[in-house]
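Enquirer: Structure for this input, please:
(one chain, ligands or ions: 1)
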Amino acid sequence: MYRGFESHSLRQIRTVRYHDTMASFPMVVAKHMPPSLQALAYRAQQATMMYSAVFAQRGLRRVLRRKTAPGRQAQREVARLYQALLARDLKNVEIGAYPDELLFQMPVVDYLKQIPRLALDIPRTVRRMRAGRYRDLPGDVKLDRYPPYYRRNFHWQTDGYLSRSSAQLYDVGVEFLFLGTADIMRRQVIPPVTDHLRSNPNADRVLDVACGTGRTLLQLAHTHPKLRFTGLDLSPYYVQHARQLLAEVEDLSLIADNAEAMPFADETFDVLTCVHLFHELPRPARHNVYREMLRTLKPGGLLVIEDSLQNGDSSTMSIFLQQFSKDFHEPFHNDYAKDDIGDALEEHGFEKVETELHFVAKVVRANKPS
Ligand SMILES: C[S@@+](CC[C@H](N)C(=O)[O-])C[C@H]1O[C@@H](n2cnc3c(N)ncnc32)[C@H](O)[C@@H]1O
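Expert: Residues are numbered from 1 along each chain as shown. Okay, the predicted model is just below:
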């Protein structure tokens, strides 16, 4: 009797500590605010990130002597879609798709503190961009372990995906690139997962393909702490970073491997998520990953992909995205943008495909036939 009681309380203590350590101070404060105040605090946080990012991007354009800026129509469309994304984020909390703490989980202060490090890296990045040296990778990495398309400096970022310091700067860099909406766009994969779990209460194994530094898994684990999580990414440095970020997640495995040939048995997972991978893959690799996703999902399982908009989604934004992919060394983006993820999934045998647009991203959900 006593032993049972003891083990029960230990479990409770572990659960409480798990939530405590996952939650930052602003998340805890936000929990106790009335919704109207919460929405105000959220918009203030986003405005801080957005204006800092706009300021930083203007400076960068000047350094890079970039004369082309998105036209007025594209700028107006970006502003409209940005506001719609924030409204959607608040709405998702209201309908219980994810908890309100997620609105405040971006480590804004840490990111602002990283600005000097980012700024110090800019001269190297600019030299690399000007010389077009996209194969400027660390000398101590065994490059033949990686597919040729991966051995490059995506976004011109120092070391590509192949160093610890690249992993440390990645999250803040991406938040600045997306005006403080990177985590918001990532968490748009959660509502379909919440929905799926409501009608499939026994579903519990989740794989995040190309998990990067772990920010999608962090938000998923915060929303559904009882699930069993796996993350896979080709970069061992990013996986290592994710291991630290997700140290408090109870049931988690992380693996450094290629999504084109995943080391999992057929029909292992109930849910697969994948954020911002496909636009960085050449066509044959994209199809290999779709095939692997279908193979590793259980019948009836759910796949949710979030990635960059494609040409068929918005003509105004596609011009903007073409410019973006040219400026930020995304060599496969244009070919990716000619396709439609939803069509590709149907071609590969997925069903119930649905697409939603969120700012500069799209979320596509689909099921493996039962
Ligand atoms: C744009 S980042 C997105 C990372 C993460 N999902 C996020 O939201 O921050 C692309 C990620 O895909 C990973 N990646 C690229 N090709 C891959 C492949 N063939 N297999 C597994 N991961 C891959 C990279 O290492 C990188 O972490």
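Enquirer: show me where the stretch 251-370 of the chain has helices.
Expert: 283-296, 315-327, 333-338, 341-347 (DSSP state H, counting those that start in this stretch).
Enquirer: for the stretch 1-150 of the chain, same thing?
Expert: So, for the stretch 1-150 of the chain - with DSSP H, counting those that start in this stretch - the helices run 2-22, 25-31, 35-64, 72-94, 108-113, 115-131.
Enquirer: got the buried residues for the helix or strand where Q240 lies?
Expert: Following DSSP states H and E, the helix or strand that holds Q240 is helix 236-245. Across helix 236-245, burial judged by 16 or more other CB atoms under 10 Å covers 236-239, 241-242. Placement of C-beta: from N, CA and C, glycine included.
Enquirer: Same question for stretch 95-109.
Expert: 97-108.
Enquirer: Stretch 225-236 spans what distance, first to last residue?
Expert: Terminal residues of stretch 225-236 are spaced 25 Å apart (CA to CA, to the nearest Å).
Enquirer: Can that stretch be said to contact the ligand?
Expert: Yes - counting by CB under 6 Å from any ligand atom, the ligand is contacted by stretch 225-236 at 233-235.
Enquirer: Scan the residues you listed and report the most crowded one.
Expert: D233 (27 neighbours; other CB atoms under 10 Å).
Enquirer: helix, strand or coil for whichever residue of the chain sits closest to the ligand?
Expert: Ranking the residues of the chain by distance to the ligand (CB to the nearest ligand atom) places G212 first, at 2.7 Å. Secondary structure, DSSP: H, G, I helix; E, B strand; the rest coil: G212 is coil.
Enquirer: show me what contacts it?
Expert: Neighbour list for G212: 170, 233, 235, 238, 242, 275-276 [criterion: CB atoms under 8 Å, 6 or more residues apart in numbering].
Enquirer: Need the helices of the stretch 251-370 of the chain in a markdown table (columns: mean pLDDT and mean neighbour count).
Expert: As requested, the helices of the stretch 251-370 of the chain are exported to a markdown table (pLDDT from 0 to 100; neighbours: other CB atoms under 10 Å):
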| stretch | mean pLDDT | mean neighbour count |
| --- | --- | --- |
| helix 283-296 | 98 | 18 |
| helix 315-327 | 79 | 17 |
| helix 333-338 | 94 | 17 |
| helix 341-347 | 98 | 18 |
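Enquirer: Output these as CSV; include the columns distance to the ligand.
Expert: Converted to CSV, these look like this (distance: least, CB to the nearest ligand atom, whole Å):
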stretch, distance to the ligand
helix 283-296, 6
helix 315-327, 12
helix 333-338, 11
helix 341-347, 15
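Enquirer: okay, those in JSON lines with distance to S370 next?
Expert: Shown next, in JSON lines, are those (distance: least, CB to CB, whole Å):
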{"stretch": "helix 283-296", "distance to S370": "13"}
{"stretch": "helix 315-327", "distance to S370": "35"}
{"stretch": "helix 333-338", "distance to S370": "30"}
{"stretch": "helix 341-347", "distance to S370": "16"}
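Enquirer: sorry, back to before: looking at the buried residues of helix 236-245, which one is closest to Y336?
Expert: Nearest to Y336 out of the buried residues of helix 236-245 is Y238 (CB to CB; 20.5 Å).
Enquirer: What's the per-residue pLDDT of that closest one here?
Expert: With respect to pLDDT, Y238 scores 98.
Enquirer: Touching, it and S165? I think so.
Expert: No - look at Y238 against S165 with CB atoms under 8 Å: they stay out of range, at 11.7 Å.
Enquirer: so what secondary structure elements neighbour the helix holding Q240?
Expert: helix 164-177, helix 215-223, strand 228-233, strand 252-256 (3 or more CB pairs under 8 Å, 6 or more residues apart in numbering; DSSP states H and E).
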